[in-house]
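Participant: sequence plus predicted model, see below.
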Amino acid sequence: MIGRARWTSATYFGINASPGQRIEKFFNERDPAKAETPGSVGRGVPAIMYTGMTAIAQRERKQWGVTPSYHIEQQFSMFRGAHSWKFGGKLDLRKGGAPDSTNAGVSYVTLDDVMRNAPSAVGLNMQQSEFYRWTMNSWSLYGQDDWRVSRKLVLNLGVRYDTFRAFVATGKPPEDLTALYNFDGLLDPVNFTWAPLRDIKQPFENDNMNFGPRIGFAYTADSKGDFAVRGGFGVNFSGFDGSSFETAPNRRPDLPVTVNFSRAESVLYGLKFPAYNEDMVGIVLAQKRSAQMSTRINPNFQSPYAMNYSLEMQRALNPSLIVETGYVGSRGVKFNLSRTFNLVDRVTGIRPNPSDIQGTYLDNSQQTNYNSWQTSLRQRFTHGLALNVHYTWGKALAYAGGDVGAIYLGDSRTLSEDFNNIKIERSLASGDVTHNVSADWLYQAPTPFSNSPVARQVLGGWNISGIWKARTGQPLGVTQTGGRPDLLDVKGAVNTNCCSFGNLQYLNPAAFALVTVPGSARTIRRGTAGATALRSPGMWDVDLSFGKNFSLNEGTKLELKADMANALNHTQYNGIATNLSGIGFGQATAAATARVIQLQLRLSF
């Protein structure tokens, strides 16, 4: 429609509400010797944690209030000549509230510690009150033009602007002072001294300058349209993730969400099993400190963003067969990174700032990088066969896992041993796979004796489909009590003959050496084993499906189908025990699901 414009419009509106609360039965068990203060949730059964022993777990109660969130989005489209315009915006008014209560935990390093009830660490967990709610709002504007420059070239040009408001938590004052308390910066990262508290209505700065440009192209290199080249670059902001902050608010500024008492501090305060949250709250409040937050956030916290780029070629080999190959990459910038502040000294067991607690520091120091070469062969359904074959070579690197969510979700890896030297942790990202191959197919078997009505009904029309997939192992890191061990022999660390029945030793213990753990409960020095120095076992699998429709009469059809997951019943060993201090180190402790067969008979009329 040269010279004329055509408009379209779309509006989206939504409301999301959280589910109700769930209470585990064991959570209701309490200290039989002393009554619990009503509503405190402070005398639940503490956990016992000792490497090599099945833990008495910490019990947790998570409550979700019915708190609606609102979302509205409007998009306009305009077609004019060689241009196809799209622009619009959205508004997110997000709310939430998930008060969390977890019992205390008591940890031991050696069996002698257990026998003497001499903990290496005791953990207080005093999370948010039941009145806790949070808000976090954002809005966006975007515009894009799909421009057909010529018969062979199309350009995609666009820009997006996002603004994200800070996470604000509230309780029910004056009796409940729940808020996201945060300092106005880390003044000294060596001795861990902090600036004064910020306004609870602005715990960190709003992130407003988020312009994300994007450009893409598609070029047809020949006159028949059988050879195409595509590529693009774009910047995409993820915004603030509520789960990163949801567990951080304090009931009051001088009562941290969590406190980890070291061995020396446990002795000083007489803490041993059973240690109850309610008793430890009194110890913390008696210190009369103006502010103690177990989670502290860089006040200049910014939105993570990813730069995505690709260059791919597509070639039609014949009317039904296409091959695609190309480079796909991504670089993550300002991703969330959580690490522990004010850790005790490895030798002395004394904190750099003895008057402060140990906790989690959250900032945007995470950097990720992903590069891959991806190739696909696709055959459209012809001569009774549809087939797709995919192969990807890839490599992903990160400082700690590679996710943008909370530290307890996704691909996070939190064992950072040096607060001020995060770059030394750069290694393979969680979930990295070097080689990944898959093939899927659908085959419609021919009908033997097709001239016979009986043969056509019984032997004809059978469909056989399946998926075969294989990949190399994912990154694997070895730990020990207090840190990481030494890796003495990289080549000999993995038993290449593993794994089979009776042969489950995947890692060779002789290739590692424990690093001494003094009274600090940390290794006396950093071990030489990297965060992801090894890889877990690779895997391959085949899923099959058989099916046929029987025509009973003109309007009635009987469908028979059989699905087999892991059709060859191939054993996939996983769950490698990676704690060198634990029992059964290096052994495969689990396996993927065995063959599962599902039969389905369906009558349609």
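Facilitator: Noted; the coordinates are in hand. Numbering: from 1, shown residues only.
Participant: remind me, longest strand of this structure?
Facilitator: strand 359-382 (DSSP state E).
Participant: counting by contacts, list what that one packs against.
Facilitator: The contact analysis (3 or more C-beta pairs under 8 Å, 6 or more residues apart in numbering; DSSP states H and E) places strand 359-382 against strand 295-297, strand 321-341, strand 385-398. Where C-beta positions appear, they are placed from N, C-alpha and C, glycine not excepted.
Participant: buried set for the last one?
Facilitator: It refers to strand 385-398. By 16 or more other C-beta atoms under 10 Å, the buried positions in strand 385-398 come out as Ala386, Leu387, Asn388, Val389, His390, Thr392, Gly394, Ala396, Leu397, Ala398.
Participant: ok, so of the residues you listed, who is nearest Glu36?
Facilitator: Ala398 (42.8 Å; C-beta to C-beta).
Participant: report the angle between the longest strand of the chain and strand 321-341.
Facilitator: Relative orientation of strand 359-382 and strand 321-341, computed by axes from the mean of the first three to the mean of the last three C-alpha atoms, to 10 degrees: 170 degrees.
Participant: touching, Thr67 and Tyr132? I think so.
Facilitator: No. Shown here, Thr67 and Tyr132 do not form a contact pair, counting by C-beta atoms under 8 Å, at 10.3 Å.
Participant: what strand or helix carries Leu155?
Facilitator: Secondary structure assignment for Leu155, by DSSP states H and E: strand 153-164.
Participant: now the helices for the stretch 351-500 of the chain?
Facilitator: 453-458 (DSSP state H, counting those that start in this stretch).
Participant: give me the below-cutoff pLDDT ranges for the protein.
Facilitator: Residue ranges of the chain with pLDDT under 70: 1-28, 38-41, 52-66, 402-415, 449-450, 454-458, 460.
Participant: output the longest helix belonging to it.
Facilitator: For the chain, the helix that runs over the most residues, judged by DSSP state H, is helix 277-286.
Participant: buried residues, it. List them.
Facilitator: By neighbour count on 16+ other C-beta under 10 Å, the buried set for helix 277-286 is Asn277, Glu278, Asp279, Met280, Val281, Ile283, Val284.
Participant: re earlier: which strands or helices does the strand holding Leu155 pack on?
Facilitator: Contact partners of strand 153-164 among helices and strands, from 3+ C-beta pairs under 8 Å, 6+ apart: strand 133-148, strand 207-220, strand 227-237.
Participant: direction included, what does the next helix or strand after the last one pair up with?
Facilitator: From strand 227-237 onward toward the C-terminus, using DSSP H and E, the following helix or strand is strand 258-262. On the basis of DSSP bridges, the sheet neighbours of strand 258-262 come out as strand 121-125 (antiparallel).
Participant: ok, and what's touching the strand it pairs with?
Facilitator: Applying C-beta atoms under 8 Å, 6 or more residues apart in numbering, the contact partners of strand 121-125 are 58, 101-107, 256-263, 266, 271-272, 275, 277, 280-281, 284, 521.
Participant: tell me the bridge partners for Ser465.
Facilitator: Counting by DSSP bridges, the residues bridging with Ser465 are Leu442, Ser545.
Participant: quickly note the distance from it to Arg378.
Facilitator: 15 Å (C-beta to C-beta, to the nearest Å).
Participant: which residues in the stretch 501-605 of the chain form strands?
Facilitator: Shown for the stretch 501-605 of the chain, the strands assigned by DSSP state E, counting those that start in this stretch span residues 512-513, 534-535, 539-553, 556-565, 573-576, 588-591, 596-604.
Participant: so which of those strands comes closest to Gln367?
Facilitator: Nearest of the strands of the stretch 501-605 of the chain to Gln367, taken as C-beta to C-beta: strand 534-535 at 22.2 Å.
Participant: could you name the helices and strands sitting against the closest one?
Facilitator: strand 475-476.
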